[in-house]
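> Show me how the following folds:
(2 chains)
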Amino acid sequence: MSLPATLGSGRTGWSPGFLVKLALIALVDALGVYAVLAAWGAGSWGILAAMVALLLVANWAYFSKRALPLKYILPGLAFLLVYQVYVVAYTGYVAFTNYGDGHNSTKEQAIEALLVQNERRVEGSPSSPLTVVADGDELGFALGSPDGAMQVGTADQPLEPAPDATVEDGRVTALPGYTVLTYAEVLESQQEVTDLRVPVSDDPTDGSIRTQDARTGYVFTSTLTYDAPSDTMTDTATGVTYTPNDDGQFEAADGSTLPVGWRVLVGLDNFVTAFGDDRYAGPFGKILLWTFAFAVVSVASTFLLGLFLAIAFNDARLRGRRIYRTLVILPYAIPGFLAALLWSGLLNRSYGFVNEVLLGGAQIPWLTDPVLAKLAVLGVNLWLGFPYMFLICTGALQSLPGDVLEAARIDGAGRWRTWRSITLPLLLVATAPLLISSFAFNFNNFTLIYMLTGGGPRFDDASVPLGHTDILISMVYSVSGLDGTAAKDYGLASALSIVIFVVVATISALAFRRTRSLEEIA
Amino acid sequence: MSTTSAPMSRPPSLARPADPPRRPAPSRRPTAARWFSDLGWRHLVGVLAVAYAGFPLVYVVSASLADGGTLTGSNDLFASVSGANYVALGGTRFWTWMANTLVVAVATGVGTVLMGAAAAYAFSRFRFSGRRVGLTALLIIQMFPQMLAFVAIFLLLISLGNVVPVLGLDSKLALICVYLGGALGVNTFLMYGFFNTVPREIDEAAKIDGASHAQIYWTIVLRLTAPILAVVGLLSFISTFGEFIIARVLLQSEENWTLAVGLYGWVSSLQEANWGLFAAGAVVSAVPVLALFLFLQKYIVGGLTAGSVKG
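Sure, this is the predicted structure:
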């Protein structure tokens, strides 16, 4: 290689390609080290370990000569592992916990929250002259005292001595690093001031400073005390002792519980709730059936209409068939969410185009009657989906082997016979995998349902926000509480996701058995 | 099976139909009945189908041009034509949402192509231990739609946001990262199959001439596989453009919303008052996707028959 043909663009040695690689890796390393340090600072050991592992693998992959395939796979693989494999595994874990409102955090955090929430002003506790100060946007309290021991703190920063404060009549009037709020400014953020809680120290049992009038601060301490050795909470006001139970809550002897719990593994409880609980089992059964019906009917109706149109336009003598084809696939070129929103307006009961113009002023409750809403969802999905089927059927029809058709004609087969015995079987073989992936897609067609009907109309008999057109994925969304309409229940939502995983995976496994994907691996 | 196994080598193009050449005109003059049973019904079906497919689109264009802006006022097609609704979009966050959506969708599309193509190249050209396992794992992973794990994604981003805020909730970068997490599972197989159709002899020849694996990849393989790269990029762009559930869960402040989240907000709240705005917004936001689709129809159709589903 004294005169390499690739002079100037070679990717070996100190070539430009190598320098580019070096720069990219340096950038990745810099960002990675930043993330590692940030994770260290935040105490997120899981993220720290993952980042360190990713960085080590990345550096090894790009500087070792033995890791050739990994050089190409790693970027995608890293994203895949974090944002797909990990989240799927985490979904599986959450499905077996009671994660959700009331069980949001670890036990330590729950204990701290309970102590903070139950703080009361201690009778006869000392009061100090208080000044509201601000550190940037963050409000804080500066406390003066007769003996000159001034203190300052904010919500995140427990009280600390402030020896360099200026004091008049025992009240702090100026403090380096902070601005003292004027009376008008205090009035402006009155709510914020009365809600502010400045911890006395890092230990939550020491209580906090609060104020009602922005002039006097009182020490508040919790009416609950936590005893670590016996792992119990005691209410000092009533004397009741609470012990932790299996559901991740502190429970008293009479069965009453404290409002903040922590997440614990609950085994199959979430699945039992989905299939057996009075509130969920009924809606869940209906929704499961409807999800299957919706997916099957959607695939069947779009396929039949698409196939019919493909046949109708599959004749070379038809003038203008390119124009027909282009116009017919237009619905498919519109983003799905726009189409669903558009149809929700078209089908509006009082003012929609369909009722008012096409049906001459009828008042048909397309989206609010249980049966009609289902028909409307199917109808809109037919409009959305038939162009796709039209496209794949056209493709399949055009690639039918001409010799087989010719042989059939020579053998004297009629139009119908050829169609039934040759065209249709070949067509189905070509489109079956696509029909199954279309089924899997519609099984999770959240956008259409959520934008068209929002899952409504609601079930009459359910205390949960579910409705007649909800499919499983929109049920998961409602149950998760992320839209803010219901209490958050990540555990149950994840369990339902697992149910969908199982259904879709079974269907997909059937699909892949029929495709050559698996054979191509060999 | 031929369509699915070799989609790109001969896309079932609409522009290049593979029908037999036009038959010579029949010697007998066709009667009207005969013409109808041969071709006439096809025209009838065509007209009906076009009307069915097109009327909502005609309606939305008309509604976007109506000066009333209400749902009722939009029912007389083209009763009034004014650009008022389009002008009014300027007073909303619409253009911010449009920019957000384009940024997210383009970044996801480009990232998907780069990462998917690299992985497909490795699986197609190198023989290494774990290759079979890797391919099978990808096949299994792609059965789990990422959107189903949105609760876990939400919780993961809360944790990540505590460490690196820009990777946490309410960040477009974090949303792009989440979408890229789905890139390998969905598209690698599509590309892998196509990469296998590029003869290995070409890169072996280049290797003998002294090209490195990186040169072969960037200058030979990527050029020869440009059609499938275009398909994957476009399908990824289009599906990201319309993705709703993850964007809705992750993006919380209005200035970070994508079009799907923002326009849903318009329609679900005060449907009457916002209808004209929505119609104008819908027309504007459908244009990029529609244009891409119609220009690159024949590539997309090829990719579709290979197994992709548009969102």
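> so where's the chain shaky on pLDDT?
You didn't pick a chain, so chain A it is. A:1-13, A:123-124, A:146-148, A:462-463, A:511-512, A:514-522 (pLDDT under 70).
> think we crossed wires, I meant chain B
B:1-30, B:68-69, B:72-73, B:270-273, B:298, B:300-311.
> Can you name the residue of it nearest to chain A?
residue B:181 (2.4 Å; C-beta to the nearest C-beta). Bear in mind the C-beta positions are built from the backbone N, C-alpha and C, glycine included.
> domains in the chain, as residue ranges please.
Looking at chain A here, since you left the chain open. A:20-78, A:109-226, A:275-521 (automatic domain parsing).
> nope, chain B please
Domain assignment of chain B by automatic domain parsing yields the ranges B:38-82, B:93-305.
> quick one, which of those domains is packed in tightest?
When the domains of chain B are scored by mean count of other C-beta atoms under 10 Å in any protein chain shown, the highest mean neighbour count falls to domain B:93-305 (a mean of 20).
> Give me the distance from that one to the chain's centre.
Relative to its chain's centre, domain B:93-305 lies at 9 Å (C-alpha atoms, centre = their mean, to the nearest Å).
> Number of residues surrounding the residue lying closest to residue A:347 once chain neighbours are set aside?
In this structure, residue A:347 finds its nearest non-sequential neighbour in residue A:366, 4.0 Å apart by C-beta to C-beta, 6 or more residues apart in numbering or on different chains. Neighbours of residue A:366 under the rule other C-beta atoms under 10 Å in any protein chain shown: 25.
> Would you mind finding the most buried of the domains of chain A?
Mean neighbour count (mean count of other C-beta under 10 Å) peaks for domain A:275-521 among the domains of chain A, with a mean of 19.
> can you list the residues of the stretch 201-350 of chain A near chain B?
Neighbours of chain B within the stretch 201-350 of chain A, by C-beta under 8 Å from any C-beta of the partner chain: A:308-309, A:312-318, A:320-322, A:324-339, A:341-346, A:348.
> please redo it, this time with the cut-off set to 6 Å
Applying C-beta under 6 Å from any C-beta of the partner chain, we find that the stretch 201-350 of chain A lies next to chain B at A:309, A:312, A:316, A:318, A:324-325, A:327-328, A:330-331, A:333-338, A:341-342, A:345, A:348.
> Outside of the helix or strand harbouring residue B:62 itself, which residues are in contact with it?
Here residue B:62 sits within helix B:41-65, counting by DSSP states H and E. By C-beta atoms under 6 Å, 6 or more residues apart in numbering or on different chains, the residues outside helix B:41-65 that reach it are A:309, A:312, A:318, A:324, A:327-328, A:330-331, A:342, A:353, B:74, B:77-78, B:81, B:85, B:279-280, B:282-283.
> Closest approach to chain B from chain A, which residue is it?
Counting by C-beta to the nearest C-beta, chain A gets nearest to chain B through residue A:83 (2.4 Å).
> My reading is that residue A:173 lies in a strand. Confirm?
Yes - counting by DSSP: H, G, I helix; E, B strand; the rest coil, residue A:173 is part of a strand.
> For it, give its distance to residue A:360.
77 Å (C-beta to C-beta, to the nearest Å).
> Also residue A:318?
In terms of C-beta to C-beta, residue A:318 sits 34 Å off from residue A:360.
> Check residue B:292 too.
39 Å.
> Need the phi and psi values for residue A:17.
Here is the backbone geometry of residue A:17 (degrees, to the nearest 10): phi -60, psi -40.
> what's around it, how many residues?
18.
> what distance separates the start and the end of stretch A:319-335?
Taking C-alpha to C-alpha, to the nearest Å, the first and last residues of stretch A:319-335 lie 30 Å apart.
> Quick one: distance of it to the chain centre.
Here stretch A:319-335 is found 35 Å from its chain centre; the criterion is C-alpha atoms, centre = their mean.
> Stretch A:151-163 too?
38 Å.
> Residues contacting that stretch, please?
By C-beta under 6 Å, 6+ apart, stretch A:151-163 touches A:138, A:140, A:142-143, A:150, A:175, A:198-202.
> how much space is there between residue B:54 and residue B:77?
Distance from residue B:54 to residue B:77, by C-beta to C-beta: 12 Å.
> Select from the residues of the stretch 201-350 of chain A next to chain B every entry located in strands.
Of those, none are assigned to strands by DSSP state E.
> Now do the same contact list for residue B:176.
With the criterion set at C-beta under 6 Å, 6+ apart, residue B:176 makes contact with B:104, B:107-108.
> 8 Å - rerun?
B:104, B:107-108, B:111 (C-beta atoms under 8 Å, 6 or more residues apart in numbering or on different chains).
> Just give me the longest helix of chain A.
What stands out as the longest helix in chain A, according to DSSP state H, is helix A:278-313.
> hey, where'd the helices end up in the stretch 201-350 of chain A?
A:269-276, A:278-313, A:321-328, A:330-333, A:336-346 (DSSP state H, counting those that start in this stretch).
> what's the fourth one in contact with?
In other words, helix A:330-333. For helix A:330-333, using C-beta under 8 Å, 6+ apart, the contacting residues are A:339, A:383-384, A:386-388, A:391, B:53-54, B:56-57, B:286, B:289-290, B:293-294, B:310.
> switch to 10 Å and redo it
A:326, A:339, A:382-391, B:50, B:52-54, B:56-57, B:238, B:286, B:289-294, B:297, B:300, B:304, B:310 (C-beta atoms under 10 Å, 6 or more residues apart in numbering or on different chains).
> What of the first one?
Judged by C-beta under 10 Å, 6+ apart, the contacts made with helix A:269-276 from elsewhere in the structure are A:94-100, A:247, A:266, A:268, A:277, A:279-281, A:283-285, A:288, A:475, A:479, A:489-496, A:498-499.
> Quick check: which of the domains of chain B is nearest to residue A:242?
domain B:93-305 (27.7 Å; C-beta to C-beta).
> Do a quick rundown of the strands in the stretch 151-300 of chain B.
Read by DSSP state E, counting those that start in this stretch, the stretch 151-300 of chain B holds no strands at all.
> What segments of it are helices?
B:172-181, B:183-197, B:200-208, B:213-215, B:222-224, B:226-242, B:245-250, B:259-268, B:271-295, B:297-305.
> Next: the stretch 351-500 of chain A.
A:353, A:370-398, A:402-410, A:415-418, A:424-443, A:446-452, A:472-480, A:490-514.
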